[in-house]
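Asker: what follows is a protein structure lacking sequence information:
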């Protein structure tokens with residue numbers, strides 16, 4: 001019986017990999033926040049030996065997933 005290999009997500013080899021500090025600067029947070037995202041597996045990351053890097057696209061996806069669109073006046077009246 002052979003084990004099924006998990007599918008690996010591919011990243012563009014030319015894509016920039018950000019350090020935790022660089023990711024924190026982009027998010028305008030402390031380095032603790034991206035570390036927590038990695039620890040909780042809420043963002044894609046790359047392990048290079050003992051180093052953790054976050055692809056720029058993963059950071060963009062995380063930001064886009066949290067985007068909240070503004071409500072219009074007609075939305076407010078429908079919600080009531």
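Answerer: Structure's in. What do you need? Every value quoted in this text rests on a predicted model; they were computed, and no experiment measured them. Numbers count the residues shown, from 1 in each chain.

Asker: so for the helix or strand where residue 37 lies, what gets flagged as buried?
Answerer: Element membership of residue 37, judged by DSSP states H and E, is helix 32-39. Within helix 32-39, the residues that count as buried by 16 or more other CB atoms under 10 Å are 34, 37, 38. Heads up, the C-betas are built off the backbone N, CA and C, glycines and all.

Asker: how far out from the middle of the chain is it?
Answerer: 10 Å (CA atoms, centre = their mean, to the nearest Å).

Asker: cool, stretch 50-65 as well?
Answerer: Centroid displacement of stretch 50-65 relative to its chain, using CA atoms, centre = their mean, is 4 Å.

Asker: what residues does the helix holding residue 37 touch?
Answerer: Contact partners of helix 32-39, identified using CB atoms under 8 Å, 6 or more residues apart in numbering, comprise 20, 23, 24, 27, 43, 45, 52, 54, 62.

Asker: using ChimeraX, define a selection of the buried residues within these.
Answerer: Selection of buried members from these for ChimeraX, criterion 16+ other CB under 10 Å:
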select :20,23,24,43,45,52,54,62
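
Asker: which ones among the contacts of helix 32-39 are found in helices?
Answerer: 20, 23, 24, 27, 62 (DSSP state H).

Asker: quick check: the first one touching residue 51?
Answerer: No: assessed by CB atoms under 8 Å, residue 20 is found out of contact with residue 51, at 9.4 Å.

Asker: quick one: low-confidence residue ranges for this protein.
Answerer: Scanning the chain for pLDDT under 70 picks out the ranges 1-9, 79-80.

Asker: now do stretch 65-78: distance to the chain's middle.
Answerer: 24 Å.

Asker: re the thing from before, using TSV, lay out the ones in helices among the contacts of helix 32-39 together with distance to residue 73.
Answerer: TSV is the format used below for the ones in helices among the contacts of helix 32-39 (distance: CB to CB, whole Å):
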residue	distance to residue 73
20	42
23	37
24	37
27	32
62	31
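
Asker: hang on, the earlier thing: and the buried residues of helix 32-39, which is closest to residue 16?
Answerer: Ranked by distance to residue 16 (CB to CB), the buried residues of helix 32-39 are led by residue 34 at 14.9 Å.
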